[in-house]
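S.K.: Predicted model follows, preceded by the sequence.
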Amino acid sequence: MERYTDDSLALHTDAYQINMVETYWHDNIHNKRAVFELYFRKLPFGNGFGVFAGLERIIEYVKAFHFTNSDLEYLREEYGYEEEFLAFLKELRFTGTIRSMKEGELVFGNEAILQVESTLAEAQLIETALLNIVNYQTLIATKAARIKRVIGDEPALEFGTRRAQEMDAAIWGTRAAFIGGFEATSNLRAGKKFGIPVSGTHAHSMVQTYKSDYVAMKKYAESCVRRKNKVFLPLVDTYNTLKSGVPAAIKVAKEYEGKLEFSGIRLDSGDMAYLSIKARKMLDEAGFTNTKIVASNDLDEYTILNLKAQGAKIDIWGIGTKLITAFEQPALGAVYKLVAIEDENGNMADTIKISGNPEKVTTPGLKKVYRILNRENNRAEGDYIVLATENPEKEKKIKMFHPTHTFINKLVTNFEARNLHHPIFVDGKLVYELPGIIEIQNNVKANMEMLWDEYKRSLNPEEYPVDLSKKCWDNKMREIEKVMQSVEEMK
Ligand SMILES: Nc1ncnc2c1ncn2[C@@H]1O[C@H](COP(=O)(O)OP(=O)(O)OP(=O)(O)O)[C@@H](O)[C@H]1O
Ligand SMILES: O=P(O)(O)OC[C@H]1O[C@H](OP(=O)(O)OP(=O)(O)O)[C@H](O)[C@@H]1O
Ligand SMILES: O=C(O)c1cccnc1
C-alpha cells in the first residue's frame, strides 16, 4: 500500500543531501553561491570516447523541482524535521544557472559535462538525480555508439526492454541507444514518447501456438497484408532453421507475392555465421535477393565483430540485454564536485578536494571546456579546459600539455576553439531549446567525423587529450599547495 502519494521527484535524492542542507540552513549559509561540476574520470568499456545523454530528462527534472505536500509530510512524520526548515523546503525552487554540453556531444574523462552554479542548497539537492540520469544515459549512449561503430551502416535495432533494469531504464535507455546511433527500437512507448522509429518481428511462442512454421507464418502473413507497411519478417529458428523455418518463410512469401513486403527473416539461435550464409543462399536462389537477414540473441560488439570476421551474411542486428544493461560495465562513475564557493566577503573562492589517489584530486575554479579543432583538417586536437576568465577563442596559438606528464605537449595554431558548454537554465529560467532526437543523433555522427580514427577503434584506443590551460593548471597547483600548508599547520 502506498503510504504517501508519489507525486514528485524532489526526494529522489540521498538523505545526506537533506541533512547537509539542514546544516547549511541552520548555519544560514544555504544561500551562498556555489559551483559544482559533473564529470566522469574514466571512459567506460575501454572506449576512446563517450557520448553524452541525459540533458532532456535533467531539464524535465529541474523544471519541475519542488517539494510537494506529501514530500514534506513524509519528512515531518518519519524524520521530524523542524517546521521552519520544512517551510524553507516548501518554497525552494531551482533559481540557479546550469551550463551543459549538448546531448550527443562526445565527452572524455575529467572534463565537466555540466556545471551547476546556484545556491549551495539547490545545487546539493539536485546532485543525486543529476548523477543518476547522466550516469545511466551516457553509459548506454556510449555503449550504443561503440556497438554501432562495429556494425557500420547496417541497421541496429534496440531489443532490450525485457532485460532492462526496470521501466525507466528501458525507456530512457532506448532513447540513449538511439542517440548513440541505433536506427530503431522494439519499444512502442519509446516510439510514442520520443518519436523513435519502432520495428518488430514475432516470437517463438507464435510458431509454438500454431505448432508449425508454415501455418504460423501464413497466419502472420494474413495480418501483415492488412498492415499499412505490409512488412513480413518471420522468425525462422523455432524448430529447424534450414529445414523448416527458411523454407516455410519462402513458401509463404511466394504465396503472397505482390501482396506483402518480404523484408527479412530473423535468426535467433545456433551458429549464426553458418546459418546466415546458408539462409542467404536459399533466399537468393528463391529470387528474394533483397530480403534481409536479421540476427538477434545475446549480441554485443565482440560477437558482432566475430560474426563479421566469419563472413556472416547478416544485414540487420537486434541487440538487447548487453546494450540496455551495459552488461560489461554497469556503471559509469560520474561524480559531482564543488569547485568554487562564496567566501565570507561575498567573493567566489576556488575549492579543491585532495585525495591520496591523484586521479581523484579535483580541478578548482569555475572553468570552460573547449574543443580545439584544427582548421586545416577539421579534426579535434583535444579538449582544453580554461578558467572562466580566459578566452582561447581569441588566442592565436595555445600550448596544450598533458596535465600529469607535462613534458608531453604541443603548440597548436590555426585552430577553432569551440565552447562545449551551453546555457540551459539562467537564474532559474530555462533558456535552452531542446533539439529533436534525430538532430541529436545526427550531431553525434558529425561530432564523430571530427575525431581521428585512433580514438574511435574499439580495442586499445589512443587516449584523447583533455588538457588544462597553464593558468588553470597553475591555479590547481596553488590550491594544492594551500591545502598542504593548512594541513601542516594543523599538525
Ligand atoms: N558463429 C558464431 N560465432 C560466434 N558466436 C556466435 C556464433 N553464432 C552464434 N553466436 C553467439 O553464441 C551465443 C550462444 O548461441 P546459442 O544459439 O547457443 O544461444 P542460446 O542462448 O543457447 O540459444 P537460445 O537463446 O535459443 O537459448 C550467442 O551469444 C550467439 O550470439
Ligand atoms: O538476446 P538479446 O540481445 O537480449 O535480444 C533480445 C532477445 O529477446 C528475445 O528472446 P528472449 O531472450 O526473450 O528468449 P530466448 O532466450 O528464447 O531467445 C529475442 O528473441 C532475443 O533473443
Ligand atoms: O521484434 C523482435 O524481433 C524482438 C523484440 C524484442 C525482443 N526480441 C525480439
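M.R.: Thanks, I have it. Numbers count the residues shown, from 1 in each chain. Ligands and ions are numbered 1, 2, ... in the order given.

S.K.: For S276, which residues are in contact?
M.R.: 267, 293, 295, 307, 312-314 (Cβ atoms under 8 Å, 6 or more residues apart in numbering). The C-beta positions use only the backbone N, C-alpha and C, and glycine is treated the same way.

S.K.: Kindly recompute the last result at 6 Å.
M.R.: 293, 312-314 (Cβ atoms under 6 Å, 6 or more residues apart in numbering).

S.K.: Could you find which two of those residues are furthest from each other?
M.R.: I293 and A312 (8.5 Å; Cβ to Cβ).

S.K.: Show me which residues of the chain sit near ligand 3.
M.R.: Within the chain, the positions adjacent to ligand 3 are 159, 186, 200-201, 266, 296, 318, 320 by Cβ under 6 Å from any ligand atom.

S.K.: filter those to the buried ones?
M.R.: Among the residues of the chain next to ligand 3, the ones that count as buried by 16 or more other Cβ atoms under 10 Å are 159, 186, 201, 266, 296, 318, 320.

S.K.: Among those residues, which one sits closest to ligand 1?
M.R.: S296 (8.2 Å; Cβ to the nearest ligand atom).

S.K.: quick one: the closest one and ligand 2, what's the gap?
M.R.: 4 Å (Cβ to the nearest ligand atom, to the nearest Å).

S.K.: Show me the beta-bridge partners of that residue.
M.R.: G318 (DSSP bridges).

S.K.: Report the contact partners of it.
M.R.: Counting by Cβ under 6 Å, 6+ apart, S296 has contacts 159, 268, 318.

S.K.: Now tabulate the residues you listed in CSV and tack on distance to ligand 1.
M.R.: Output for the contacts of S296, formatted as CSV (distance: Cβ to the nearest ligand atom, whole Å):
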residue, distance to ligand 1
F159, 12
D268, 6
G318, 11
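
S.K.: was I right about S244 contacting D213?
M.R.: Yes - under the criterion of Cβ atoms under 6 Å, S244 makes contact with D213 at 4.8 Å.

S.K.: Same drill for those two, tell me which one is more crowded.
M.R.: D213 (26 against 17; other Cβ atoms under 10 Å).

S.K.: Surely the more buried one and G245 touch.
M.R.: Yes - contact criterion Cβ under 6 Å: D213 and G245 qualify, at 5.2 Å.

S.K.: Quick one: end-to-end distance for stretch 299-316.
M.R.: Start-to-end span of stretch 299-316 (Cα to Cα, to the nearest Å) is 12 Å.

S.K.: Please enumerate the helices of the stretch 201-350 of the chain.
M.R.: Counting by DSSP state H, counting those that start in this stretch, the stretch 201-350 of the chain has these helices, from start to end: 204-210, 213-226, 246-255, 272-285, 301-309, 321-324.

S.K.: Could you check how far the residue in the stretch 201-350 of the chain that ligand 3 sits nearest to is from L233?
M.R.: Using Cβ to the nearest ligand atom, the closest approach of the stretch 201-350 of the chain to ligand 3 is made by T201 at 3.5 Å. Look at T201 and L233: by Cβ to Cβ, to the nearest Å, they are 5 Å apart.

S.K.: now do K251
M.R.: From K251 to L233 the distance is 16 Å (Cβ to Cβ).

S.K.: Comparing those two, which residue is more hemmed in?
M.R.: Between K251 and L233, counted using other Cβ under 10 Å, the more crowded position is L233 (22 against 15).

S.K.: need the contact list for that one.
M.R.: 201, 263-264.

S.K.: and these as a markdown table, adding pLDDT?
M.R.: Converted to a markdown table, those look like this (pLDDT from 0 to 100):
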| residue | pLDDT |
| --- | --- |
| T201 | 97 |
| S263 | 98 |
| G264 | 98 |
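
S.K.: As JSON lines, those residues with distance to Y81 would be great.
M.R.: Formatted as JSON lines, those follow (distance: Cβ to Cβ, whole Å):
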{"residue": "T201", "distance to Y81": "53"}
{"residue": "S263", "distance to Y81": "59"}
{"residue": "G264", "distance to Y81": "59"}
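
S.K.: So which of the residues you listed belong to strands?
M.R.: G264 (DSSP state E).

S.K.: Among the contacts of L233, which one lies nearest to M348?
M.R.: T201 (57.0 Å).

S.K.: Now stretch 43-51: average pLDDT?
M.R.: For stretch 43-51, the mean pLDDT works out to 98.

S.K.: ends of that stretch, how far apart?
M.R.: Using Cα to Cα, the gap from the first to the last residue of stretch 43-51 comes to 10 Å.

S.K.: contacts for it?
M.R.: With Cβ under 6 Å, 6+ apart as the criterion, stretch 43-51 contacts 106-107, 109, 138-139, 141-142, 145-146, 180, 328-329, 332, 444, 455-456, 461.

S.K.: Pull out the buried members of these.
M.R.: Among the contacts of stretch 43-51, the ones that count as buried (16+ other Cβ under 10 Å) are 106-107, 109, 138-139, 141-142, 145-146, 180, 329, 332, 444, 455-456, 461.

S.K.: In strands only, show me the residues you listed.
M.R.: 106-107.

S.K.: mind showing which ranges of the protein have poor pLDDT?
M.R.: 1 (pLDDT under 70).

S.K.: Please identify the residues of it in proximity to ligand 2?
M.R.: 159-160, 162-163, 268, 296-299, 318-322.

S.K.: Looking at the residues you listed, which one is closest to E127?
M.R.: Nearest to E127 among the residues of the chain next to ligand 2, with distances taken as Cβ to Cβ, is G160, at 28.0 Å.

S.K.: Distance-wise, check the most centrally placed residue in the chain relative to ligand 3.
M.R.: Computing the C-alpha centroid of the chain and ranking residues by Cα atoms, centre = their mean puts T138 first, at 2.0 Å. Separation of T138 from ligand 3 (Cβ to the nearest ligand atom): 24 Å.

S.K.: Then E91?
M.R.: Taking Cβ to the nearest ligand atom, one finds E91 at 46 Å from ligand 3.

S.K.: How about A10?
M.R.: The value you get for A10 to ligand 3, if Cβ to the nearest ligand atom is used, is 35 Å.

S.K.: what about that residue, how many neighbours?
M.R.: 20.

S.K.: Please apply the same query to K491.
M.R.: K491, neighbours per other Cβ under 10 Å, totals 4.

S.K.: With E91 instead?
M.R.: 8.

S.K.: same deal with K396?
M.R.: With other Cβ under 10 Å as criterion, K396 counts 7.

S.K.: Phi, psi for the nearest residue to it once chain neighbours are set aside please.
M.R.: Using Cβ to Cβ, 6 or more residues apart in numbering and skipping the chain neighbours, the partner closest in space to K396 is T413 (6.6 Å). The phi/psi pair for T413 (degrees, to the nearest 10) reads phi -130, psi 170.

S.K.: correct me, but T413 touches K397?
M.R.: Yes - in terms of Cβ under 6 Å, T413 counts as a neighbour of K397; the distance is 4.5 Å.

S.K.: tell me which element R41 is part of?
M.R.: Under the criterion DSSP states H and E, no helix or strand holds R41.

S.K.: roughly how far apart are it and ligand 3?
M.R.: 34 Å.

S.K.: For the residue nearest to that residue when sequence neighbours are not counted, list the residues it contacts.
M.R.: If the residues on either side of it in the chain are set aside, R41 comes closest to G109, at 5.2 Å by Cβ to Cβ, 6+ apart. Neighbouring residues of G109 by Cβ under 6 Å, 6+ apart: 41-43.
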